[in-house]
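Visitor: pasting the sequence and the predicted coordinates here, then a few questions.
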Amino acid sequence: MSGVKEMLKTMRERRARTLEQVLSVPEDKMLEAAKYGDRDVNVRFMFYRLITHQIEHTIHLTKTLNALGINQGEAGLILKSLQMASGELEGLMVGLTDEDLDRSPGEGDWTLREVLEHILSAEKSYSSRIDEALA
């Protein structure tokens, strides 16, 4: 049985593979036939079922942690929120083209690239400040 670090590594690798898979499916292939047990479904159904399955077992894991009396500390709760926000940001980028990154919605508004670069820069800056404070 693997430890927590190995489990997290496996989860990240699996998520990266799933992300590549989702990105590789063109819109016109979402209705391709697929099987779900004995049921005839489509690729879109499978993706939605995957989301639902993740949500179901996130609740299950939370319930199990509570039953075991395991409570995340503040750092764990912050990491949870950061992971959720990062996933949301990655999800918003699905289907974008490189050209989309430099389009601006209007005069004086930031492009997508500028917003994303700001987010990355801020994360680096905050991380440096935290490292300095803990040194």
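Guide: Looks like it came in fine. Residues are numbered from 1 along each chain as shown.
Visitor: can you pull out the strands in this protein?
Guide: 33-36, 39-42 (DSSP state E).
Visitor: and the residue nearest the centre of this structure?
Guide: Centroid-nearest residue in the chain: residue 87, 2.5 Å away (criterion: CA atoms, centre = their mean).
Visitor: list the residues that contact residue 30.
Guide: Residues near residue 30 by CB atoms under 8 Å, 6 or more residues apart in numbering: 42, 43, 44, 47. For every residue, glycine as well, the C-beta is placed using N, CA and C.
Visitor: show the buried residues in those residues.
Guide: residue 47 (16 or more other CB atoms under 10 Å).
Visitor: from the contacts of residue 30, which land in helices?
Guide: The helices, defined by DSSP state H, take in 43, 44, 47 from the contacts of residue 30.
Visitor: any chance of TSV for these, columns distance to residue 61 and pLDDT?
Guide: Formatted as TSV, the ones in helices among the contacts of residue 30 follow (distance: CB to CB, whole Å; pLDDT from 0 to 100):
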residue	distance to residue 61	pLDDT
43	27	95
44	26	94
47	21	93
